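> coords please:
(one chain, ligands or ions: 1)
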Amino acid sequence: MLQSLLSLPIMATAAAAATVSVAVGQNGFTFSPSSVTAAIGDIIEYSFFPPNHSVIMGDFNNACMPAATGGFFSGFMTGASSASSSSSSSSGGGGGGLGYRQTSAGGSVFQVKINSTDPIFFYCGVPTHCQAGMVGVINPNSSQTLSAYQSKASSSSNTGVPSNVFGGTVVAAGSSGGSSTGTGSASPSSTKGSGSEGMHVSRAMLAVTAAGVFVGLLMA
Ligand SMILES: [Cu+2]
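Numbering: from 1, shown residues only. Model prediction:
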């Protein structure tokens with residue numbers, strides 16, 4: 001009895017964080033997949049394809065405008081300049097997890113750490129892309145669906161773009177490290193609740209770096 005009680009905390013902490021990849025602009029004005037499921041602690045990794053796209057967190061009730069609280073903005077990404085990425089497989093579904101993983105050749109990625117299971121809507125900030133349907137969602141529910149957001153987006157008249165990159169980490173393709181971008185006092189309005197995202201990502205990257213050093217020692 002006592003033994004089984006003691007073992008419970010160990011089992012409860014066993015869940016591992018997953019990385020969920022989303023291709024941005026690989027097939028026109030699309031996020032692929034456009035609907036994903038993620039758990040707290042998971043990382044959404046946006047990979048950018050040419051010619052120019054971005055990802056911005058929005059609010060369900062204000063399509064194509066930045067989230068009033070928290071959120072993220074990748075900055076504008078030109079993606080890979082070569083077309084060599086077209087040979088990769090594009091199957092995979094909206095179930096999230098590690099089944100779908102794809103990185104554009106030569107392009108940068110933007111990583112966002114999930115710290116809530118509430119629906120998170122996102123869109124591309126290049127003018128007209130959001131209205132054309134370039135939107136997506138993390139953890140939709142029965143009342144806040146992707147199709148409803150897409151419908152609002154198609155009739156919205158403007159596209160809002162934050163003034164600074166924030167809420168995630170930009171990782172340049174081909175670099176082993178990654179340049180962390182500001183996560184703090186970016187517009188619009190408050191960034192409450194999102195300040196720790198970049199820190200957690202950085203910590204994960206530190207762990208990767210430490211692993212690399214360890215491998216290096218083994219090979220020396
Ligand atoms: Cu776009």
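> I figured Met134 hits Cys124, correct?
Yes: taking CB atoms under 8 Å as the definition, Met134 is a contact partner of Cys124 at 4.1 Å. Glycine gets a C-beta too; all of them are placed from N, C-alpha and C.
> so which of those two has more stuff around it?
The residue with more neighbours, out of Met134 and Cys124, is Cys124; 30 against 27, by other CB atoms under 10 Å.
> hang on, that one packs against Pro51?
No: at 11.9 Å, Cys124 does not count as touching Pro51 under the criterion of CB under 8 Å.
> just to revisit the earlier point, okay, and the common contacts of Met134 and Cys124?
Overlap of the contact sets of Met134 and Cys124 (by CB atoms under 8 Å, 6 or more residues apart in numbering) consists of 25, 29, 31, 53.
> nearest to the ion among those?
Set against the ion, the nearest of the shared contacts of Met134 and Cys124 by CB to the ion is His53 (3.5 Å).
> contacts only, for the closest one.
24-25, 76-77, 79, 124, 126, 129, 134.
> and it, what are its bridge partners?
Met77 (DSSP bridges).
> please apply the same query to the one 5 residues further on.
In this structure, Gly58 has the following beta-bridge partners (DSSP bridges): Pro66, Phe121.
> distance to the ion added to the shared contacts of Met134 and Cys124, as JSON lines?
Output for those, formatted as JSON lines (distance: CB to the ion, whole Å):
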{"residue": "Gly25", "distance to the ion": "5"}
{"residue": "Phe29", "distance to the ion": "6"}
{"residue": "Phe31", "distance to the ion": "9"}
{"residue": "His53", "distance to the ion": "3"}
